[in-house]
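**Q** What follows is a predicted protein model with its sequence.
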Amino acid sequence: MIDRPGLAEFLRRRRAALQPEDVGLPRGPRRRTSGLRREEVAALCHMSADYYTRLERERGPHPSVQMLAAMAQGLRLTLDERDHLFRLGGHNSPARGTSGEHIGAGMLRILDRLQDTPAEIVTELGETLRQTPLGVALTGDTAALTGPRRSIGYRWFTDPAVRERYHPADHAFLSRVYTSGLREVLTRRGPGSRAEHYAELLLAASPEFRALWEVHEIGIRPAQVKRLVHPEVGALELHCQTLLDPEHAHHLLVFTAAPGSESYEKLQLLGVIGAQTLS
């Protein structure tokens, strides 16, 4: 059963505890609220302000699992807090483990402070969970994809358009990287895992993947310098730094260019034009 008073109280407390700076929002000169406004939390949770407000006022519909997961992420809850939210909302808490998509609060706090930098949070299978605006401008809105297409390794072998954003000379090496990486995850997670499902799909769909899978390569690591080809600003050479959250098996990828380089200037331009297409 949903605990409406408990849910409302918990949401109010968590909202009051968050400051605009904690979620990458400007404070502004006229802020009177001690924490975030309801409409700000609703936007972070990808729901209407009216829906969120009714929950805080002990009204509204019984929130679904999807809505609770969105609130847990938007409010930057820890796993313990997320589980508590689910129980207040009348649902069993999600199973914990490396296959989950709940991003750790610490990882999100870092991402929120990288709004002027291309960055993204991905799973161990290369599934994009969250991107900065400049990350979307650089590689496209990959966090909006669903199903196996969320994984860069899956898209690499099934969608030829994906390779257009990478230097042609690197294509063969990247194919080995994605194949090797999927085999490592499958070995680690075992039968019945999402990694096994992706491998089965790719073995059926891609002759190139099948040939590389038979080689059984392990330990092919991506290069630290990525050579990308953006449709608007052209070729870029970017350094990729990776931060691992071992509890969730999520990686934060941050892309930077050497100051003064041509790629640095192109990133500055990309920050201006965003994801729009220039004529």
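**A** Sure, I can see it.

**Q** how about the strands of the stretch 101-250 of the chain, start to end?
**A** For the stretch 101-250 of the chain, the strands defined by DSSP state E, counting those that start in this stretch occupy 119-122, 128-131, 225-230, 234-245, 250-256.

**Q** can I get those in a markdown table with mean pLDDT, mean neighbour count and distance to His216?
**A** Every C-beta, even on glycine, is put in place using the N, C-alpha and C of the backbone. What follows is the strands of the stretch 101-250 of the chain, written out as a markdown table (pLDDT from 0 to 100; neighbours: other C-beta atoms under 10 Å; distance: least, C-beta to C-beta, whole Å):
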| stretch | mean pLDDT | mean neighbour count | distance to His216 |
| --- | --- | --- | --- |
| strand 119-122 | 96 | 24 | 24 |
| strand 128-131 | 94 | 21 | 27 |
| strand 225-230 | 96 | 16 | 26 |
| strand 234-245 | 95 | 15 | 25 |
| strand 250-256 | 96 | 20 | 24 |
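
**Q** and of those, who's closest to Ser64?
**A** Nearest to Ser64, of all those, is strand 128-131, at 19.5 Å by C-beta to C-beta.

**Q** among the strands of the stretch 101-250 of the chain, which is nearest Gly74?
**A** Closest to Gly74 of the strands of the stretch 101-250 of the chain, according to C-beta to C-beta: strand 128-131, at 11.3 Å.

**Q** Not counting the closest one itself, show me its contacts.
**A** Residues from elsewhere that reach strand 128-131 (C-beta atoms under 8 Å, 6 or more residues apart in numbering): 101, 103, 108, 111, 119-123, 139, 141-143, 145, 150, 152, 250.

**Q** List the pairing partners of it within its sheet, with orientation.
**A** strand 119-122 (antiparallel) (DSSP bridges).

**Q** Run through who's touching the partner strand.
**A** Strand 119-122 has contacts (C-beta under 8 Å, 6+ apart) with 103, 107-108, 111, 128-132, 134-135, 139, 142-143, 152, 250-255.

**Q** Now with 6 Å, please.
**A** Ile103, Thr128, Leu129, Arg130, Gln131, Thr132, Gly135, His250, His251, Leu252, Leu253, Val254 (C-beta atoms under 6 Å, 6 or more residues apart in numbering).

**Q** and Asp116, how many residues sit next to it?
**A** Asp116 has 12 neighbouring residues, counting by other C-beta atoms under 10 Å.

**Q** try Met67
**A** Residues near Met67, counting by other C-beta under 10 Å: 20.

**Q** Likewise for Leu88?
**A** Applying other C-beta under 10 Å, I find that Leu88 has 20 neighbouring residues.

**Q** thinking again about what came up before, mind checking which of the strands of the stretch 101-250 of the chain is nearest Ala49?
**A** strand 128-131 (21.4 Å).

**Q** on that earlier part again, right, so of the strands of the stretch 101-250 of the chain, which gets closest to Arg37?
**A** strand 128-131 (21.6 Å).

**Q** Just give me how far the closest one sits from the chain centre.
**A** Averaging C-alpha positions (C-alpha atoms, centre = their mean, to the nearest Å) puts strand 128-131 2 Å from its chain's average.

**Q** now do stretch 189-206
**A** Centroid separation for stretch 189-206 versus its chain: 21 Å, with C-alpha atoms, centre = their mean.

**Q** State the pLDDT value of Thr277.
**A** For Thr277, the model assigns a pLDDT of 60.

**Q** actually Ile273, not the one I typed
**A** 83.

**Q** His102 now?
**A** 87.

**Q** and the nearest residue to it once chain neighbours are set aside, helix, strand or coil?
**A** Among residues not flanking His102 along the chain, Arg82 sits closest, at 5.8 Å (C-beta to C-beta, 6 or more residues apart in numbering). When classified by DSSP: H, G, I helix; E, B strand; the rest coil, Arg82 comes out as helix.
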